[in-house]
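> pasting the structure only:
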């Protein structure tokens, strides 16, 4: 059985419904608050599933500390007016042939980001895939182009931090 929910349709669902669906798919708890040491962890304000978090300059400085030149180049690709980077551009930077290299960086950056903003619910992500810009091969099995994007505020903050 296959169930398909387009990104734009998923965004129209209530946050609690999104959480329930994600919990069912990942096997995680659908409870909205994480428990730490027997106490409820506070909900991180402004975070939504599958939407990039907005970072200020100070947070971007913390994020970039200790990153390699290649990792900083990936972030530079997002430090433009639109906050978008094409799959082709990111593959060029990583030297990879498919999205796995980008996914590795995304995981690393997201884990670091979640520590910076203290996200106990694991909602935060640095950048996201724009499903509406995805182009597939003729067989519909391989992605041939698409775009990742960061929040506008994050793009602006990255421009400031990475221009120094």
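Right, received. Where do you want to start? Just so it is clear, the model here is predicted, and its values are computed rather than measured.
> if we go by neighbour counts, what in the host helix or strand of residue 72 is buried?
Assigned by DSSP states H and E, residue 72 falls within helix 69-78. The neighbour-count check on helix 69-78 (16 or more other Cβ atoms under 10 Å) flags 71, 72, 73, 74, 75, 76, 77, 78 as buried. Every residue, glycine included, has its C-beta placed from N, CA and C.
> so which bits of stretch 119-128 are buried?
119, 121, 123, 124, 125, 126, 127, 128.
> can you flag which of those residues belong to strands?
residue 128 (DSSP state E).
> next SSE downstream of the worst-scoring helix or strand of the chain on mean pLDDT?
When each helix and strand of the chain is scored by mean pLDDT, DSSP states H and E, strand 39-40 comes last, with a mean of 40. Per DSSP H and E, the first helix or strand lying C-terminal to strand 39-40 is helix 57-64.
> how far does that next one sit from the chain's center?
Computed by Cα atoms, centre = their mean, to the nearest Å, the chain-centroid distance of helix 57-64 equals 16 Å.
> same check on stretch 142-156?
Distance, centroid of stretch 142-156 to centroid of chain: 9 Å (Cα atoms, centre = their mean).
> any idea which helix or strand carries residue 98?
Going by DSSP H and E, residue 98 is not part of any helix or strand.
> can you count the residues close to it?
If you count neighbours by other Cβ atoms under 10 Å, residue 98 ends up with 12.
> how far does stretch 122-136 stretch from one end to the other?
30 Å (Cα to Cα, to the nearest Å).
> for that stretch, what is the average pLDDT?
Taken as a whole, stretch 122-136 has a mean pLDDT of 89.
> cool, stretch 52-63 as well?
94.
> list the contacts of the longest helix along the chain.
For the chain, the longest helix by residue count, based on DSSP state H, is helix 100-116. Applying Cβ atoms under 8 Å, 6 or more residues apart in numbering, the contact partners of helix 100-116 are 53, 55, 59, 62-63, 71, 74, 87, 90-91, 94-96, 119, 122, 124-127, 148.
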